[in-house]
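Engineer: Build me a model:
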Amino acid sequence: MKIFTAKTFSLSPFGKITTKTIEEHMKLYHGYVKNTNLILEKVAELRSDPEKNTYTIGEINRRFGFEFNGMRNHEVYFNSLEGGSHTLSKKSQLITMISETWGSFDAWLIEFKTIALTRGIGWAMLYYDRNDKRLLNAWVDEQHIGQLQDCALILGLDMWEHSFVADYEPSGKKSYIDDFFANINWENIANAI
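Structural biologist: Residues are numbered from 1 along each chain as shown. All right, here's what the predicted structure looks like:
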């Protein structure tokens with residue numbers, strides 16, 4: 001069976017985010033990759049007697065979405081920070097689409113940051129809807145509840161405590177969001193469409 005392999009990312013500390021926080025965050029990502037593979041291996045074993053293992057297969061697959069999306073969400077998040085800060089080209093397809101949808105980049109950014117301040121754990125997401133060829137913002141609880149069907153994730157801001165609390169404290173959520181945006185590599189994100 002083909003297994004998923006953790007990607008490597010070259011990230012530098014940014015804002016108040018320390019090397020230690022980045023290292024701990026990477027460990028969590030590697031855990032998602034490991035658990036995704038373990039679930040697939042276990043389901044393959046349980047297939048030998050699906051009638052006997054119906055409940056177990058169902059419950060393990062319930063967990064699969066959490067682990068798999070945790071893996072993929074973090075890949076998008078880390079990719080957006082890799083290579084250091086780069087501004088979004090005024091000629092990019094992404095800025096054109098953002099301006100057409102929200103009126104301006106600044107209007108989109110205000111809305112996205114507001115979504116990121118949602119209480120609870122989860123992600124602020126920018127998606128590309130392949131069917132309607134448009135952009136959509138969304139909040140995703142945990143890793144998986146609220147993911148938009150048939151949409152490509154192009155920007156994900158991790159709003160779980162592990163991504164910022166050690167360096168910003170719980171009250172520093174807004175500063176973390178601002179620092180994240182000050183350090184994005186928009187070239188990587190624009191290439192996702």
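
Engineer: Which residue, other than its chain neighbours, is closest to the residue most central in space within the chain?
Structural biologist: Among the residues of the chain, the one closest to the centroid is N73, at 2.8 Å (C-alpha atoms, centre = their mean). Distances taken as C-beta to C-beta, 6 or more residues apart in numbering put G156 closest to N73, at 5.0 Å, once the chain neighbours are dropped. (Each C-beta comes from the backbone N, C-alpha and C, glycine too.)

Engineer: Okay, that neighbour and T54: tell me how far apart.
Structural biologist: For G156, the distance to T54 equals 34 Å [C-beta to C-beta, to the nearest Å].

Engineer: Give me the more crowded residue out of the two.
Structural biologist: Remark: of G156 and T54, G156 carries more neighbours, 24 against 11, as counted by other C-beta atoms under 10 Å.

Engineer: so the more buried one makes contact with A116?
Structural biologist: No - using C-beta atoms under 8 Å, G156 is not in contact with A116; the gap is 10.4 Å.

Engineer: just the helices in this protein please.
Structural biologist: Using DSSP state H, the helices of the chain run over 19-46, 54-81, 93-102, 105-116, 165-168, 173-182, 186-190.

Engineer: centre of the chain versus the fourth one, how much separation?
Structural biologist: If I follow you right, that is helix 105-116. 16 Å (C-alpha atoms, centre = their mean, to the nearest Å).

Engineer: hmm, back to that, next up, the contacts around the residue nearest to N73.
Structural biologist: Counting by C-beta atoms under 8 Å, 6 or more residues apart in numbering, G156 makes contact with N73, V76, Y77, S80, W123, A124, M125, L126.

Engineer: that older thread, quick one, which of the helices of the chain is nearest to R134?
Structural biologist: The closest of the helices of the chain to R134 is helix 93-102. By C-beta to C-beta, the value is 6.3 Å.

Engineer: helices or strands up against that closest one?
Structural biologist: On a contact count with 3 or more C-beta pairs under 8 Å, 6 or more residues apart in numbering; DSSP states H and E, helix 93-102 meets helix 105-116, strand 134-141, helix 186-190.

Engineer: 6 Å - rerun?
Structural biologist: Applying 3 or more C-beta pairs under 6 Å, 6 or more residues apart in numbering; DSSP states H and E, one finds that helix 93-102 contacts helix 105-116.

Engineer: and the angle for the helix it packs on with helix 173-182?
Structural biologist: Helix 105-116 runs at 140 degrees relative to helix 173-182, counting by axes from the mean of the first three to the mean of the last three C-alpha atoms, to 10 degrees.
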